[in-house]
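Predicted structure and sequence below. I'll ask about it afterward.
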Amino acid sequence: MDLGSLSPAKGSIRKTKRIGRGNSSGWGRTAGRGMNGYKSRSGSKSKLHFEGGQTPLSRRLPKRGFTNYPFMKQFQIVNLNQLAKLELEKIDFDILYEKGLINKKNLPVKILGNGEVSTGFEIIADAFSQSAITKIEKSGGKVIYK
């Protein structure tokens, strides 16, 4: 076997449509764009929500609900099973960042009670779930709010 004998897998190569190359190609004259109108012109890219001047559906429907986005608190979440794998006695933001459990030091961290803890450890975080607090304190650990 040599490089000259290699060929692509059957069915992986399709012949591309050469549009606008004369009537004999089957894609001449209007080149598959139909007759007149906005979409037949070059450079036509209508927006996905554009409905030809009719009021778009997003504006016809009533506004509902409430979003607290500008004041929403975003937490970085860490589970107890991730902390148990570290096997350390004291855990803070720097350690969580070094081990890759959190991505940013300036965002608050919340500890959730997913998993089991066998050894006690001291942990510093912004928020804790109730189940995380009980599991950490049962194992002989300590919870410290930042």
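Received the coordinates, thanks. Numbering: from 1, shown residues only.

I'd like to know which elements the helix ranked longest in the chain is packed against.
The single longest helix within the chain, with elements called by DSSP state H, is helix 130-138. Judged by 3 or more CB pairs under 8 Å, 6 or more residues apart in numbering; DSSP states H and E, helix 130-138 is in contact with helix 80-86, strand 109-112, strand 142-145. Backbone N, C-alpha and C define where each C-beta goes, glycine included.

chain center to stretch 57-74, what's the gap?
Mean-position distance between stretch 57-74 and its chain equals 20 Å (CA atoms, centre = their mean, to the nearest Å).

Going forward, the N-terminal residue is numbered 55.
Renumbered: residue one is now 55, and that last one reads stretch 111-128.

Please report the number of neighbouring residues for L150.
23 (other CB atoms under 10 Å).

Now do the SS call for it.
helix (DSSP: H, G, I helix; E, B strand; the rest coil).

Next one: it from G194, what distance?
Distance of L150 to G194, computed by CB to CB, to the nearest Å: 21 Å.

now swap in S66 and tell me
From S66 to G194 the distance is 61 Å (CB to CB).

between these two, who's got more neighbours?
The neighbour comparison of S66 against G194 (other CB under 10 Å) goes to G194, with 11 against 7.
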